[in-house]
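Engineer: Quick check, what structure comes out for this input:
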Amino acid sequence: MAAANNMRNIVSNEILVKENNVQWDDVIGNAAAKDALRKTIVLPVEQGRHFPVESVLLFGAPGTGKTLLVRALASQCSAFFFQLSTSMLTSKYSGYKIHLLKTLFDMAKEQPSIVFLDDIEMISTCEHDNDVVISQIQLEIIRQMHQIARDSAAHVAIIAATNRPREVDSDILELFTARIHIQFLNIEERMELFKKLLEQHGCNVLTENEVKEIANLTTDYTGSDLALVVRIASIEPIRDLLNTGNWEENTSRLRSIQTRDFYAALNETKPSVPPDEIKSFYTFSEHCCGDG
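Structural biologist: Sure, this is the predicted structure:
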């Protein structure tokens, strides 16, 4: 009994996300992915039907917003949100991995919940030498997901995410009835993100044409890459002031951010995802999702 309570405490304190303020409008772009999740999970909840039992795999490059999207989904559904990086099952939680998984899913079934299994490729056999341990984890996840699918009283949506979909074992891949490609932002979406990031930095002074000019230069940048660009550009005026050597005397003369600051930032930052890797996600999507 004490061991069971201890395991519940671990799940409650380390996996259950107690504060989740991400809203649907916080997720910029990926309209197709948002629409698919809205139809399968959000709408049934809003229409007063039972919380749907769904299994969805999100795949795409690092920094494209997969985790943000799932957090917004949980918030939109007012669901309990459990977030587990599966890599932890072979590291931090390795000594009690199966017990942890059982407890996690048992707790999720107690109320409408979203279980988010991040880095799902980390429980693939190609990632580890110890196939026995990985097989144990895979079998437990498969067993739990099958139980949820058969349990009419369970209202649990299971969302997994991966940056390396080709490395997900086929037995795990087949568990997910929906597979959604989280793509890079188009130019309009990049402009929207730039405006939002500039506002967060308190430097929303660029014109529409200037924002478009910068967005045109960042085609292969992820959302995380763009956030880094804005962060670096926003400190360029401070760098200029520091170079005068009279910081304390000149703080009142700190200039506003300008387009040249973004050019300087782009010289310091390059897209984090190589073109061949970007192409591989579209190839996977065509083969495994039926996208043409």
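Engineer: low-scoring pLDDT stretches of this structure, where are they?
Structural biologist: 1-3, 48-50, 125-130, 244-252, 290-292 (pLDDT under 70).
Engineer: can you map out the strands along it?
Structural biologist: Here the chain has its strands, by DSSP state E, at 55-59, 80-85, 113-118, 156-162, 178-181.
Engineer: Turn these into a markdown table, including mean neighbour count.
Structural biologist: Where C-beta positions appear, they are placed from N, C-alpha and C, glycine not excepted. Formatted as a markdown table, the strands of the chain follow (neighbours: other CB atoms under 10 Å):
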| stretch | mean neighbour count |
| --- | --- |
| strand 55-59 | 24 |
| strand 80-85 | 20 |
| strand 113-118 | 25 |
| strand 156-162 | 26 |
| strand 178-181 | 21 |
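Engineer: Can you tell me how far the residue minimising distance to the centre of the chain is from residue 52?
Structural biologist: In the chain, the residue lying closest to the centroid (CA atoms, centre = their mean) is residue 67, at 1.9 Å. Using CB to CB, to the nearest Å, residue 67 is found at 21 Å from residue 52.
Engineer: how close does residue 225 sit to residue 121?
Structural biologist: On the measure of CB to CB, residue 225 and residue 121 end up 22 Å apart.
Engineer: Ramachandran angles for the spatially closest residue to residue 192 that is not a sequence neighbour?
Structural biologist: Nearest-residue entry for residue 192: residue 28, 5.3 Å, with adjacent residues in sequence omitted and distances by CB to CB, 6 or more residues apart in numbering. Dihedral pair for residue 28: phi -100, psi 130, per degrees, to the nearest 10.
Engineer: Name all residues that make contact with the residue lying closest to residue 171 once chain neighbours are set aside.
Structural biologist: Distances taken as CB to CB, 6+ apart place residue 138 nearest to residue 171, at 6.2 Å, with adjacent residues excluded. Applying CB atoms under 8 Å, 6 or more residues apart in numbering to residue 138 gives the contacts 123, 169, 171-172.
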